[in-house]
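>>> A predicted structure for the sequence below; I have some questions about it.
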Amino acid sequence: MKNSKNGGLFAGIIGYLSVISPLTQLLSYVPILGNAVNFVFVLTLFLLSLVHSLLVILIAWFRYRPLLSVCLLAVCAVIGVGLFLLRKNGRTPTVQTA
């Protein structure tokens with residue numbers, strides 16, 4: 001059973017990377033920017049896939065293990081809010097000249 005969960009997580013990461021790969025391919029022409037952005041994309045897509053996998057497990061377990069599913073929902077919420085705040089704070093501020 002654990003292997004199927006890990007396989008689902010891996011398949012989710014591969015699926016998300018397949019969707020975003022044209023953008024990362026374009027950014028790979030700029031050496032330093034391409035590597036940094038690719039790392040950020042992979043990390044973000046890993047966390048997104050992790051949240052997605054946990055939500056699927058949460059829905060499946062809700063009938064049989066309600067307490068565990070509530071704990072998983074809390075973990076998903078923490079990761080989701082963290083990703084939202086990371087995205088919100090990741091914007092570069094504008095510099096105003098006098």
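Arrived safely.
>>> Show me which residues of the lengthiest helix in the chain are buried.
For the chain, the helix with the greatest residue count under DSSP state H is helix 31-61. Along helix 31-61, these residues count as buried under the neighbour rule (16 or more other Cβ atoms under 10 Å): 37-38, 41, 44-45, 47-54, 57-58, 61. Glycine gets a C-beta too; all of them are placed from N, C-alpha and C.
>>> which other helices and strands contact it?
helix 2-27, helix 66-89 (3 or more Cβ pairs under 8 Å, 6 or more residues apart in numbering; DSSP states H and E).
>>> Under the pLDDT cut-off, which ranges of the protein? List them.
1-5, 90-98 (pLDDT under 70).
>>> what's in contact with stretch 60-67?
For stretch 60-67, contacts defined as Cβ atoms under 8 Å, 6 or more residues apart in numbering pick out 68, 69, 72.
>>> send the alpha carbons of stretch 71-78 over as CSV?
The C-alpha coordinates for stretch 71-78 follow below in CSV (Å, rounded to 0.1, in the frame of the first residue of the first chain):
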residue,chain,number,x,y,z
CYS,A,71,-4.7,15.4,11.0
LEU,A,72,-3.8,15.0,7.3
LEU,A,73,-6.1,17.9,6.5
ALA,A,74,-4.2,20.0,9.0
VAL,A,75,-0.9,19.1,7.4
CYS,A,76,-2.2,19.9,4.0
ALA,A,77,-3.5,23.3,5.2
VAL,A,78,-0.1,24.1,6.8
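>>> Pull out the buried residues from that stretch.
Buried positions in stretch 71-78, judged by neighbour count with 16+ other Cβ under 10 Å: 72, 76.
>>> Now do it: distance to the chain's middle.
14 Å (Cα atoms, centre = their mean, to the nearest Å).
>>> picking that back up, ok, so of the contacts of stretch 60-67, who is nearest residue 14?
Nearest to residue 14, judged by Cβ to Cβ, of the contacts of stretch 60-67 is residue 72 at 22.6 Å.
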